[in-house]
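Asks: no sequence on this one, just coordinates:
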């Protein structure tokens, strides 16, 4: 026979159910709010004690606003369902000169659920460094036009040129180490290998007899005012990640502006696991830069530098508009406002075809920085990026550095102000 619960027991059961329901509600996330992003403040490129971070929908309506707390991760949420949103970060500081600096970044079309955290880099130390003296006879180049590389890191210092003889001290990690010495001979990139170099060695070479032309060369003969190029190489580990820093073994910037106008040659040497090729072409409408990271063999001889036209149709920040002749992936535009005591910079980034609706400044931020008004900012410049492969607009957001172990190919256009 089933016993009836006494009023006292019924009360105890009721109380238990209420407490259980409360505990359950506290332990589970509120399903009425969507996580927009998780942000590590270390990815913000400006130094400030704290940063304001807020999200708006495509129409500029505020979804959430928070202030960072040191290096603690910050999460923005939304009570309304959104697929993509606009992210704005406000950073401010007062310098010793008494001027207040405010830097604002706005990114359009951020994916809901994004996480922004720093990518671990490859650090290095000179703690186990070695020193090697190098003497090059028959040298007729510039003091900075000699490079050195090994599997870890190497630096050329204390360069002197006297009577056609180049003297320098190399500092490197690892001893003994296979050294690569690189320079130009009559406008041709050349190299010499020095196997097993060790601390205290004194190496003497002759530019005409001990140096070999690069296996792969190309003349930077693109139309325009000037051409600059650099190539670096690196080694990868078994997981395809960087096992060394990129070793910059050719850079025409060091040859001076005259060489850039005379169509210098660049090249690379076989033997590295991955490469980074950078070429910049100066033309009447501005600058075009080509970046190829990874395997550069297929594109080294074939890449071109397109000409372009660009016109700003509206320099007003809230209604910024432009006309560009090329297809591209995303753009970044910079605006500024300056007085004797205040310097403000606002950067906006968005995919092609997307105009950002900024909306109102959140009340919490306006109370601290009442002079932030989008209408006050003046246009400064614009950069447009065309991704060929291996990268995207979403990956560019709040990125301090690209993943250097990936294959990437892209063009960057920097129009002259008009």
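Replies: Structure received. These numbers come from a predicted model, not from an experiment.

Asks: got a list of what residue 377 touches?
Replies: With contacts defined as Cβ atoms under 8 Å, 6 or more residues apart in numbering, the neighbours of residue 377 are 317, 335-337, 344, 346. Yep, even glycine has a C-beta here, placed from its N, CA and C like the rest.

Asks: Chain neighbours aside, what residue packs nearest to it?
Replies: residue 335 (3.8 Å; Cβ to Cβ, 6 or more residues apart in numbering).

Asks: correct me, but that neighbour touches residue 346?
Replies: Yes - in this structure, residue 335 is within contact of residue 346 by Cβ atoms under 8 Å, at 4.6 Å.

Asks: where's residue 259, which helix or strand?
Replies: Take DSSP states H and E as the rule and residue 259 turns out to sit in helix 257-261.

Asks: what packs against that helix?
Replies: In terms of contacts (3 or more Cβ pairs under 8 Å, 6 or more residues apart in numbering; DSSP states H and E), helix 257-261 is packed against strand 226-234.

Asks: any idea how far the strand it packs on is from the chain center?
Replies: Mean-position distance between strand 226-234 and its chain equals 17 Å (Cα atoms, centre = their mean, to the nearest Å).

Asks: Please name the strands paired to that strand in the sheet, noting orientation.
Replies: Sheet pairing for strand 226-234, assigned by DSSP bridges, gives strand 247-251 (antiparallel), strand 274-283 (antiparallel).

Asks: Save these as TSV, and put in distance to residue 267 and mean neighbour count too.
Replies: As requested, the strands paired with strand 226-234 are exported to TSV (distance: least, Cβ to Cβ, whole Å; neighbours: other Cβ atoms under 10 Å):
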stretch	distance to residue 267	mean neighbour count
strand 247-251	6	21
strand 274-283	10	21
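
Asks: and the ones you listed, which one's lowest on average pLDDT?
Replies: Taking the mean pLDDT of each of the strands paired with strand 226-234, the lowest value is held by strand 247-251, a mean of 82.

Asks: still on that earlier bit, what subset of the contacts of residue 377 is buried?
Replies: Among the contacts of residue 377, those buried by neighbour count (16 or more other Cβ atoms under 10 Å) are 317, 335-337, 344, 346.

Asks: before we move on, back to that, common neighbours of residue 335 and residue 346, please.
Replies: Common contacts of residue 335 and residue 346, defined by Cβ under 8 Å, 6+ apart, comprise 317, 377.

Asks: lowest-confidence helix or strand of this structure?
Replies: Sorting the helices and strands of the chain by mean pLDDT, DSSP states H and E puts helix 7-27 at the bottom, at a mean of 42.

Asks: after that helix, next one along is what?
Replies: Later in the chain than helix 7-27, the nearest helix or strand by DSSP H and E is strand 34-39.

Asks: starting at the chain centroid, how far to that following strand?
Replies: 23 Å.

Asks: Direction included, what does it pair against?
Replies: Each strand pairing with strand 34-39, determined using DSSP bridges, is listed with its direction: strand 74-78 (antiparallel), strand 114-116 (parallel).

Asks: so for the shortest one, what's the average pLDDT?
Replies: Along strand 114-116, the predicted local confidence has a mean pLDDT of 92.

Asks: Can you give me the buried ones in the helix or strand just after it?
Replies: Read in the C-terminal direction, the helix or strand following strand 114-116 is strand 129-137, with elements assigned using DSSP H and E. Using 16+ other Cβ under 10 Å as the burial criterion, the residues of strand 129-137 that qualify are 129-130, 132, 134, 136.

Asks: Which member of those is positioned nearest residue 378?
Replies: Using Cβ to Cβ, the shortest approach to residue 378 within the buried residues of strand 129-137 belongs to residue 129, at 48.2 Å.

Asks: State the pLDDT value of that closest one.
Replies: Model confidence at residue 129, given as pLDDT, is 79.

Asks: That one reaches residue 171, doesn't it?
Replies: Yes - taking contacts as Cβ under 8 Å, residue 129 lies within contact range of residue 171: 5.3 Å.

Asks: Tell me which strands the helix or strand hosting residue 218 pairs with, and in which orientation.
Replies: Under the criterion of DSSP H and E, residue 218 resides in strand 216-219. In the sheet containing strand 216-219, its partner strands are strand 265-268 (antiparallel), by DSSP bridges.

Asks: who touches the closest residue to residue 277 other than its chain neighbours in this structure?
Replies: Of all residues not flanking residue 277 in the chain, residue 292 sits nearest, at 4.4 Å (Cβ to Cβ, 6+ apart). For residue 292, the residues meeting the contact criterion (Cβ under 8 Å, 6+ apart) are 275-277, 299-300, 303, 408-409.

Asks: ok, which stretches of the stretch 301-418 of the chain are strands?
Replies: Taking DSSP state E, counting those that start in this stretch, the strands of the stretch 301-418 of the chain run over residues 310-314, 321-324, 330-338, 342-351, 378-389, 408-415.

Asks: domain parsing for this structure?
Replies: The chain breaks down by automatic domain parsing into domains covering 32-118+308-381, 121-213, 215-307.

Asks: So which of those domains is nearest residue 404?
Replies: Within the domains of the chain, the stretch nearest residue 404 is domain 215-307; the backing value is 5.6 Å (Cβ to Cβ).

Asks: Flag the shaky bits of this protein, pLDDT-wise.
Replies: 1-32, 120-127, 152, 418 (pLDDT under 70).

Asks: In contact with residue 276, which residues?
Replies: Counting by Cβ under 8 Å, 6+ apart, residue 276 makes contact with 231-234, 246, 291-293, 404.

Asks: how near is it to residue 150?
Replies: When distances are taken as Cβ to Cβ, to the nearest Å, residue 276 and residue 150 turn out to be 17 Å apart.

Asks: re the thing from before, let me have the domains of the chain in TSV, extended by distance to residue 388.
Replies: Below are those laid out as TSV (distance: least, Cβ to Cβ, whole Å):
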stretch	distance to residue 388
domain 32-118+308-381	9
domain 121-213	25
domain 215-307	9
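
Asks: just so I know, which of those domains lies nearest residue 391?
Replies: Comparing those under Cβ to Cβ, the one sitting nearest is domain 32-118+308-381, at 8.1 Å.

Asks: List the beta-bridge partners for the residue nearest to residue 377.
Replies: According to DSSP bridges, beta-bridge pairing links residue 335 with residue 346, residue 379.
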